[in-house]
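# what's the 3D shape of this:
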Amino acid sequence: MLLPNSPLAFPDPNDGDDEGLLAIGGDLSVPRLLCAYESGIFPWYEDGVPPLWWSPNPRTIIEPESVHVSRSLRRLLKRGPFQVTTNRCFERVMRECGKREAGTWILPEMIDAYAALHELGHARSFEVWQSGELVGGLYGVQRGALFAAESMYHRATDASKVALVYATRSLFAAGIELFDVQLMTSHLASMGAVEISRREYLERVHAACARPVHLGDLVLRWEEPGSEDPEAPIH
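Got it, this is the predicted structure:
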């Protein structure tokens, strides 16, 4: 049990069970959130309960060479009905990600906490637009060469896939080495996500967080160099 304003420390994730619940309570201050991500831990809880801190086993990531873009999605990207931006409306993307019929963990205090991370340059959003309307996006936290994607959404078909392709391609090209997506879903599996053991994930987190990566004016991209044929494989 973590008390508010308690020391910035978490139990060792390697000592937890596979479900990964490590601690209850504490706060969502910027220092505690950064400590959590650097330790391979993330907050995930519902309204009416204290913050819950998790590090499940296995962990789901996307590797640079595993990003899968189907031929139909490649044609869509080539045709260009969507426009992609980054960091244009971080809080709005969070709020849209939180609009779920089954309930959400993206509570007002979470929005405030991650907006503070964003203001300090530790969190980033990717926005997908169609005809001037925001139709998809994702957001996540950066620590060195780690990008921990938190959530994504779509209001138009394939908009979340477009956000994920742009985010992974752009961030890997900028020096990100570890793209974390927490838990496997069928959608993530279709995009090339893979599972690794928690122990390997934690080792890679520690190495990635120790490597400075300055995203600055991130160049948005979805193609690999020299890959211009819309029919060619991209993974």
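
# pLDDT below threshold where in this structure?
Residues of the chain that meet the criterion pLDDT under 70 lie in 224-235.

# Domains in it, by residue range?
13-56, 60-209 (automatic domain parsing).

# got those domains as a markdown table, with distance to V219 and mean neighbour count columns?
Using the backbone N, CA and C atoms, a C-beta is placed for each residue, glycine as well. Formatted as a markdown table, the domains of the chain follow (distance: least, C-beta to C-beta, whole Å; neighbours: other C-beta atoms under 10 Å):
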| stretch | distance to V219 | mean neighbour count |
| --- | --- | --- |
| domain 13-56 | 24 | 18 |
| domain 60-209 | 6 | 18 |
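
# Would you reformat those as a markdown table and include distance to L218?
Output for the domains of the chain, formatted as a markdown table (distance: least, C-beta to C-beta, whole Å):
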| stretch | distance to L218 |
| --- | --- |
| domain 13-56 | 19 |
| domain 60-209 | 6 |
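
# Kindly state the beta-bridge partners for the most centrally placed residue in the chain.
Closest residue to the average C-alpha location of the chain: A149 at 0.4 Å, with C-alpha atoms, centre = their mean. When assigned by DSSP bridges, A149 has beta-bridge partners G140.

# mind listing what it touches?
Shown in contact with A149 (C-beta atoms under 8 Å, 6 or more residues apart in numbering): 138-140, 164, 167, 179-182.

# Between all of those, which two are separated the most?
A167 and Q182 (14.5 Å; C-beta to C-beta).

# any idea which helix is longest in this protein?
Longest helix of the chain, by residue count under DSSP state H: helix 159-174.

# any idea how far E46 is from G103?
6 Å (C-beta to C-beta, to the nearest Å).

# How far off centre is stretch 72-80?
Put simply, stretch 72-80 sits 23 Å off its chain's centre (C-alpha atoms, centre = their mean, to the nearest Å).

# With stretch 75-83 instead?
23 Å.

# same deal with stretch 189-200?
Counting by C-alpha atoms, centre = their mean, stretch 189-200 comes out at 14 Å from the chain centroid.

# start to end distance for that stretch?
Distance across stretch 189-200, first residue to last, is 19 Å (C-alpha to C-alpha, to the nearest Å).

# what's the answer for stretch 175-192, then?
Taking C-alpha to C-alpha, stretch 175-192 runs 19 Å from one end to the other.

# Which residues does it contact?
With C-beta under 8 Å, 6+ apart, stretch 175-192 has contacts from 42, 56, 59-63, 66-68, 140, 142, 145-150, 160-161, 164-165, 167-168, 171-172, 193, 195, 201, 204-205, 207-208, 211, 213, 235.

# you'd agree E223 is in a helix?
No. Applying DSSP: H, G, I helix; E, B strand; the rest coil, one finds E223 to be coil, outside a helix.

# okay, now it: neighbour count?
17 (other C-beta atoms under 10 Å).

# I'd say it and V165 touch.
No. In this structure, E223 is not within contact of V165 by C-beta atoms under 8 Å, at 9.5 Å.

# Just the helices from this structure, written as ranges.
30-38, 71-79, 90-97, 108-119, 159-174, 186-190, 198-209.

# next one: the third one to chain centre, how far?
Here the centre of mass of C-alpha atoms in helix 90-97, compared against the chain's by C-alpha atoms, centre = their mean, lies 13 Å away.
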